[in-house]
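Q: this one's structure only:
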């Protein structure tokens, strides 16, 4: 059964409606997979994320062939939904561990739903 957060995330990533579905050909051919990582943080933890922290996270991610594309946070900044590309779920989880980041769930999202 789909959780409310995964349903909301699906709608957010789809732009609110479904009109077309596709898998980006370059990513599929290169063996790169896309994932959404759900995380829970202590209040105030995200306030400490600056350019230096982002640079360190990105450098650690590169060691595992993982790329951070973007993140969405709730209003209290205690939950994030982060979009990543990487060779496997294990690589995404290893990069998170090396960065000291929590992982509530990792969901592969191979299909892009476009609003047009």
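A: Done, it's in. Just so it is clear, the structure is predicted and the values come from calculations on it, not from any experiment. Residues are numbered from 1 along each chain as shown.
Q: quick one, helices of this structure?
A: Taking DSSP state H, the helices of the chain run over residues 4-14, 25-30, 51-62, 89-99.
Q: hey, least reliable of those by pLDDT?
A: Among the helices of the chain, helix 4-14 carries the lowest mean pLDDT, at a mean of 40.
Q: for the nearest residue to residue 84 once chain neighbours are set aside, name its beta-bridge partners.
A: Of all residues beyond its chain neighbours, the one nearest residue 84 is residue 35 (4.9 Å), with distances taken as C-beta to C-beta, 6 or more residues apart in numbering. For every residue, glycine as well, the C-beta is placed using N, CA and C. For residue 35, the beta-bridge partners are residue 84, residue 108 (DSSP bridges).
Q: burial of residue 35, as a residue count?
A: 22 (other C-beta atoms under 10 Å).
Q: what's the answer for the one 4 residues further on, then?
A: When neighbours are defined as other C-beta under 10 Å, residue 39 has 19 of them.
Q: how close does it sit to residue 116?
A: Computed as C-beta to C-beta, to the nearest Å, the residue 39 to residue 116 distance reads 30 Å.
Q: residue contacts, the nearest residue to residue 96 once chain neighbours are set aside?
A: Spatial nearest neighbour of residue 96, excluding adjacent residues (C-beta to C-beta, 6+ apart): residue 103 at 4.9 Å. Taking C-beta atoms under 8 Å, 6 or more residues apart in numbering, we find residue 103 in contact with 37-39, 93, 96.
Q: for the residues you listed, give me a markdown table that also has distance to residue 55.
A: Formatted as a markdown table, the contacts of residue 103 follow (distance: C-beta to C-beta, whole Å):
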| residue | distance to residue 55 |
| --- | --- |
| 37 | 19 |
| 38 | 23 |
| 39 | 19 |
| 93 | 21 |
| 96 | 17 |
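Q: kind regards, and thank you for your time.
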